[in-house]
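S.K.: Build me a structure from this.
(chains A and B)
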Amino acid sequence: MSRSRRRGPLAIGGAVLLAALVAVLLGATVAGAGERSAFALPRAQTLYMSGSQWSPYGDVNPAKTWDYSTGTIGLAFETPFRYDPLAGKFIPWLATNGAWRTSNVYVMTIRSGVKFSDGTLLTPRDVKYSFDLLKIPTHAQHALWASTGLQSVKVVGRTVVFTFAGKPGYQQFDFYRYNVAIVPQHVFSKFSKVDLTTGNLSPSAIVATGPYRYLSGASSTAQTFVWQRRGDWWATKALSLTPAPKYVVDIHNTSNAAAFANFQAGNIDLFNNFAPRAAISGSAKTYFNKAPFHLGANTTWLFPNTTRKPLNDPQFRRALAYSVNMNQILVKSYQGLVNKASPTGLLPIWSKWIDAKAVAKYGFSYNPTKAKAILAAAGYKDKDGNGYVENKDGSDISLSIQCPNGWSDWMTSIQVIADSAKSVGIKITPSYPDYGTLVDDRGHARFDLVLANDRQYSNTPWTYYQYIFQLPILDNQTTVNYERFSSQKAWDLTQLLDRTPTSNTKAYQTVMTQLQTVFMKNLPAIPLWYNGMWAMFNTKYWTNWPSATGGHYTTTAWNNYWQMTSIDMLTHLRAANSS
Amino acid sequence: MTRYLLRKIVIYLVTFFVAVTIDWAIPRFMPGDPVEGLLARMQAQPEAAAHLSGYYTQAFGFDVPLWQQYLNFWAALFHGDLGLSIANFPTPVTELIWGALPYTLALLVPAILLSFWAGNKVGALAARRKVLDNTVLPVGYVLTATPQMWLAIILAWLFASTYAFFPVTGAYSLALQPEWSLEFTRSFLHHWILPFLALFLVAFGGWAIGMRNMIIYELEADYSNYLASLGAPTKLVRKYAYRNALLPQITGLALALGAVVAGAIVVEIVFAYPGLGTLTLNAIENRDYFLMQGIFLFLIVGVLIANFVIDVAYVIIDPRTRIGMQGGA
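M.R.: Below you'll find the model as predicted:
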């Protein structure tokens, strides 16, 4: 009895101590949370989305195009134009119009009455300032000044005048017209050059023209980044547009599986993570109601290292291209969620430029017999009878194919590629290094075959040809020409395409045909399939999502898509209880 | 006592030095250049890439020889500077860690202390009740042999997915931001229970079995029989047995800390709990060397400090240690 009396207070003391500790830790999480919302977001007015933000910190620097918080450009900062990739049209946005006054002078008229979130009016000077920022060499978009021939940006009345030296890089400039964030000079001029290009800007820097303002989430451990609708967005008055959700919550991803569990639980409305085919059921809707269900967002390429034997031989690459059993990849890795790529590698949004005659003449498709014939004709024979062909000099061919470890759909796909190559006598072994190692090896040409899909939707196939053909080849090819294909002709054509305005349809088509021909004749990269713009919509709280039968908008919250037509997705949504 | 402590401190300092050196070295000798990885992730055009590469190399201090990087690392360490995160450049690593640490501690500390307390109590009880022993022993063995991650997945599947008693992921509702309010506290506790249980149950099983075995051993020791033969009440005998049995358990606690921390990391990943575990996964996925290094350093220091505290506590709890030290054993 006496013992229990003595222990009672001790146990209670311990419990109190533990509770106090938990309270202190709870306090620490609260203290570290940055700005707060003083209430729970109302579910019916909130759009939850996932699949964009994989990094825990919420940075809002619009110059950091690779990792700013989802929606920094699009929901907060806006661009002079938007681009509708599905219709192939530019949409006037902060600029009411723009045109080439001469072949090398472009004039943009800036919209009147647009207010930044601090109440200041947007002026053409802000636009000039925003484009001038790209002059800083460490700005990720510095190429606008370095490679389009742009010489000056001047303000004349309500217009901004862009003057180029010689023939402008029309295609690139068009790209920047909808990708340069217009920032307020009176706020951004206070930041240092380093902060402007690579620094983390605090949410107080979000003085922007867009439909949403920052509410919360700029903290290293926040689970979400929250945007709140502005009541005074210019487009409501000027274009009668109002985004339906009052709050937009972007969920920081930890894994596709965790995000999917939340989607299934009804906690996510717009699911931009990858999920297998079986996940599309019940109230989960997609852009297409049948395979491939999703729009194709980018081409997955097989890059051969063209500095190594026998991959330096276009005939060998052609035989390899013929050997890939694409249907098996579509079924085995994707259960029909993706489509086979055109032999040109061009995305469906650019299909009008695809030259069917060139494809008929130089294209390829799965045909093992033909692959064998090409190998034999080119002198690759199996002299030692081991089932695999040898180099022309008789040495063994043993290639490796890589994709990042953990990318399960790609891992299955490269197994299929290796298996199909085996059936035509090419020995390929799959390997799965971690992503960092792969990037390092890829940049330094320490690979045989590697999969990559970096380039997304854009206004111009130039972004694809630059990706494949850019010269000169550097020690480390971090972002383009991984295959180290050295063809001055192809690069000259790419530059010619850049310097041909899209409006000059005939000249543009001529260059496009030439580029497609050079590409398919040489196959410096083998186009495989169109990776999906993964998007599943939960219709419980929001309806009227984009679809093939109406509402042709990009379906993703991924960055750089908002200023295409993802913002239209928000302005066309309807609350489920009101429809 | 002083000599004992000094000796311990020297051992801990040497361990710290070696651990920190390994912590510094591993990311640097791993394949893959973090700056190049960053440039690839940025999709920086070649025109900007050259400038950016030079800028980042300097910003991360990679532009000096390795030995100097090593010395700089130590110098910065003593100023509490763990460098800048690569993936979240230019956020300081310490800021990211301080943000995540409370979540991990909120799981770890209660899980360690409560499992130790409850496991020992239940184990001690089991040792003298056949029915209870028949339950505790197999259940304890199953629990302690279960990997925390697996148990976490089972708990999530059962209590969050199949029966939605608890939320699947996160540390609080997605509709909330951390703040002092009843709603947030409730949401926090609601999200805390499953990851806590995953850690608690595994550790609980281990302590219960350990204590059960130790009590049986102690009850058969000479001093117990002697006490009993003197007519001491059974409860008194058991009390002494419990106290003696607790000593190896405390040693076990020191040894188990590392495993529990590792368990917390994987459990956090399962529940997308925004603590150090999730941060570690993020760091690994993004090749964020400095963040990985910083987190490991925190874990190393944390485990070393906890071990040191247990060492000191041991001296206080067990008089034999003090006598042994005085006798120059």
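S.K.: Quick check: phi and psi on the spatially most central residue of chain B?
M.R.: A centroid search over chain B (CA atoms, centre = their mean) returns B:V261, at 2.1 Å, as the residue closest to the centre. Torsion angles at B:V261 (phi, psi; degrees, to the nearest 10) stand at phi -60, psi -40.
S.K.: how about the nearest residue to it, chain neighbours excluded?
M.R.: Spatial nearest neighbour of B:V261, excluding adjacent residues (CB to CB, 6 or more residues apart in numbering or on different chains): B:L299 at 5.6 Å. (Glycine included, C-beta is placed from N, CA and C.)
S.K.: The one you found sits in which helix or strand?
M.R.: Assigned by DSSP states H and E, B:L299 belongs to helix B:289-317.
S.K.: in the stretch 101-250 of chain B, which spans are helices?
M.R.: In the stretch 101-250 of chain B, the helices defined using DSSP state H, counting those that start in this stretch lie at B:130-145, B:148-155, B:182-219, B:222-229, B:234-270.
S.K.: and among those helices, the most buried is which?
M.R.: Most buried of those, by mean neighbour count (mean count of other CB atoms under 10 Å in any protein chain shown): helix B:182-219, with a mean of 21.
S.K.: For the stretch 401-550 of chain A, which residue gets nearest to chain B?
M.R.: Proximity of the stretch 401-550 of chain A to chain B (CB to the nearest CB) peaks at A:G436, 3.3 Å away.
S.K.: From A:G443, how far out is that residue?
M.R.: Using CB to CB, to the nearest Å, one obtains 11 Å as the distance from A:G436 to A:G443.
S.K.: Contacts only, for the residue nearest to the centre of chain B.
M.R.: B:108, B:299, B:302-303 (CB atoms under 8 Å, 6 or more residues apart in numbering or on different chains).
S.K.: Please repeat the previous calculation with a cut-off of 7 Å.
M.R.: Going by CB atoms under 7 Å, 6 or more residues apart in numbering or on different chains, B:V261 touches B:108, B:299, B:303.
S.K.: With A:P211 instead?
M.R.: A:75, A:229-230, A:233, A:235, A:243.
S.K.: hmm, who's touching stretch B:33-46?
M.R.: So stretch B:33-46 is contacted by A:66, A:140, A:143, A:436, A:439-440, A:443, A:454, A:470, A:474, A:476, A:478-480, B:49, B:52-53, B:56-57, B:60, B:62, B:86, B:287, B:289 (CB under 7 Å, 6+ apart).
S.K.: How far off centre is it?
M.R.: Taking CA atoms, centre = their mean, to the nearest Å, one finds stretch B:33-46 lying 34 Å from the centre of the chain it belongs to.
S.K.: What mean pLDDT does that stretch get?
M.R.: Average pLDDT, stretch B:33-46: 75.
S.K.: Also stretch A:357-368?
M.R.: Mean pLDDT, stretch A:357-368: 96.
S.K.: count of residues packed around the residue of the stretch 151-300 of chain B found nearest chain A?
M.R.: Residue of the stretch 151-300 of chain B nearest chain A, by CB to the nearest CB: B:P178 (3.5 Å). Other residues near B:P178 come to 27 when the count uses other CB atoms under 10 Å in any protein chain shown.
S.K.: Thought B:F184 was touching it, still the case?
M.R.: Yes - between B:P178 and B:F184 there is a contact at 6.4 Å, judged by CB atoms under 7 Å.
S.K.: overlap in contacts of those two?
M.R.: Contacts common to B:P178 and B:F184, judged by CB under 7 Å, 6+ apart, are B:Y172.
S.K.: before we move on, back to that, is it possible to export the helices of the stretch 101-250 of chain B to JSON lines including mean pLDDT?
M.R.: Shown next, in JSON lines, are the helices of the stretch 101-250 of chain B (pLDDT from 0 to 100):
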{"stretch": "helix B:130-145", "mean pLDDT": "85"}
{"stretch": "helix B:148-155", "mean pLDDT": "90"}
{"stretch": "helix B:182-219", "mean pLDDT": "90"}
{"stretch": "helix B:222-229", "mean pLDDT": "89"}
{"stretch": "helix B:234-270", "mean pLDDT": "85"}
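S.K.: Of all those, which one is nearest A:N61?
M.R.: Closest approach to A:N61 among these (CB to CB): helix B:234-270, 28.3 Å.
S.K.: gap between the closest one and the chain center?
M.R.: On CA atoms, centre = their mean, the centre of helix B:234-270 falls 13 Å from the chain's centre.
S.K.: which residues sit against the helix or strand following it?
M.R.: Counting by DSSP H and E, the next helix or strand C-terminal to helix B:234-270 is helix B:276-285. For helix B:276-285, the external contacting residues (CB under 7 Å, 6+ apart) are A:55-56, A:254, B:87, B:96-97, B:100-101, B:104, B:264-269, B:272, B:291-292, B:295.
S.K.: in helix B:276-285, what's buried?
M.R.: By neighbour count on 16 or more other CB atoms under 10 Å in any protein chain shown, the buried set for helix B:276-285 is B:276-285.
S.K.: Nearest residue to the middle of chain A?
M.R.: A:Q456 (4.8 Å).
S.K.: Could you look up the SS state of A:T163?
M.R.: strand (DSSP: H, G, I helix; E, B strand; the rest coil).
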